[in-house]
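A.B. asks: For reference, the sequence and a predicted model appear below.
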Amino acid sequence: MPIIVEARPFYRLITLNRAERLNALTVEMADALLAALDGAAADPDCRAVLLTGAGRGFCAGQDLAAIAGMPAAEIGQLLDHYDPVIRKLRALPLPVVCAVNGVAAGAGANLALACDIVLAAQSATFVQAFARIGLIPDCGGTWFLPRLVGMARARALALLAEPLAAETAAEWGLIWRAVDDGRLMDEAQALAARLAAGPTVGLALAKRALDAAAANDLDTQLDVERDLQAKAAASPDHAEGVRAFLEKRPPSFTGRS
Ligand code: LHQ
């Protein structure tokens, strides 16, 4: 099984499962990942996703053994399987936490960056490894990198293909936090459970608004906020949040629309 999918209380834990290859990506793995994300979105009891890797690596990017000797056109076609996963992660109306347990290289690094909140073990590294094999950052790398860390750092990461330590990645704003190796999964699971107990509709709309902002001027973005805020304001969890505040108690969100 290229991935393991476990239903936890109100979130889905998805583990990349080719530990002996540092979870290098294959078409089968990407297709299974896409199906698991669709499954999470279709389950009303699933309100968040947590993605991680088995073994000592998170994901070493494309399985290079699988593309050795492949013509350029076929390599391009591989992205027909990977890009839908990246698009799905951004479009998923659920928060996605990524627990980067070890090296995240090439498409594996950008798979992590496509998630909403990225935690990484202190010992993990992020490598835009593409330049080492004459490729360009794909799976959204050229879009995520400059937006997260600015163009100067994005250029150096892409052109030098050097490993970036988790702590520096957090300092630069590439990821949310670096945590002690032994604490990674506890912290990531607590975060996924916390998000799963949140106002799911509002969280999904916040994710949409932030992504839309990347391409908009302020005027346009204010319109986006107005439209999406109207939807958030109509959600039962908004009413519950306000009631709970006035009654001085913690809110009990259902995530229903
Ligand atoms: C691997 C891999 C791997 C196969 C480690 N494949 N076996 C491109 C083309 C087409 C469409 C889609 O998108 C892409 C985008 C890409 O992702 S291109 C970038 C592909 N990835 C890389 O270039 C990274 C290659 N791997 C590495 O540079 C190193 O393995 C890293 C830095 C990730 C980890 O280094 P180490 O911790 O020293 O581990 P290792 O190199 O010893 O790897 C452990 C095993 O995993 C080893 O196998 P072995 O049989 O010797 O134990 C590696 O061959 C295997 N492995 N990555 N991508």
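C.D. replies: Sure, I can see it.
A.B. asks: interface residues of the stretch 101-250 of the chain facing the ligand?
C.D. replies: Counting by Cβ under 6 Å from any ligand atom, the residues of the stretch 101-250 of the chain close to the ligand are V103, A105, G106, A107, V127, A129, F130, R132, I133, L135, D138. (Glycine included, C-beta is placed from N, CA and C.)
A.B. asks: I figured the third one was touching A129, is that so?
C.D. replies: Think G106. Yes: taking contacts as Cβ atoms under 8 Å, G106 lies within contact range of A129: 4.4 Å.
A.B. asks: residues shared between the contacts of the two?
C.D. replies: By Cβ atoms under 8 Å, 6 or more residues apart in numbering, G106 and A129 have these common neighbours: G61.
A.B. asks: ok, the two, which is more surrounded?
C.D. replies: G106 (26 against 23; other Cβ atoms under 10 Å).
A.B. asks: residues near the closest residue to that one other than its chain neighbours, how many?
C.D. replies: Excluding its sequence neighbours, the residue lying closest to G106 (Cβ to Cβ, 6 or more residues apart in numbering) is G61, at 2.4 Å. Using other Cβ under 10 Å, the number of residues around G61 comes to 27.
A.B. asks: again with the one 10 residues further on
C.D. replies: If you count neighbours by other Cβ under 10 Å, P71 ends up with 9.
A.B. asks: Could you report the distance from it to V5?
C.D. replies: 33 Å (Cβ to Cβ, to the nearest Å).
A.B. asks: Please apply the same query to A105.
C.D. replies: Distance of A105 to V5, given as Cβ to Cβ: 23 Å.
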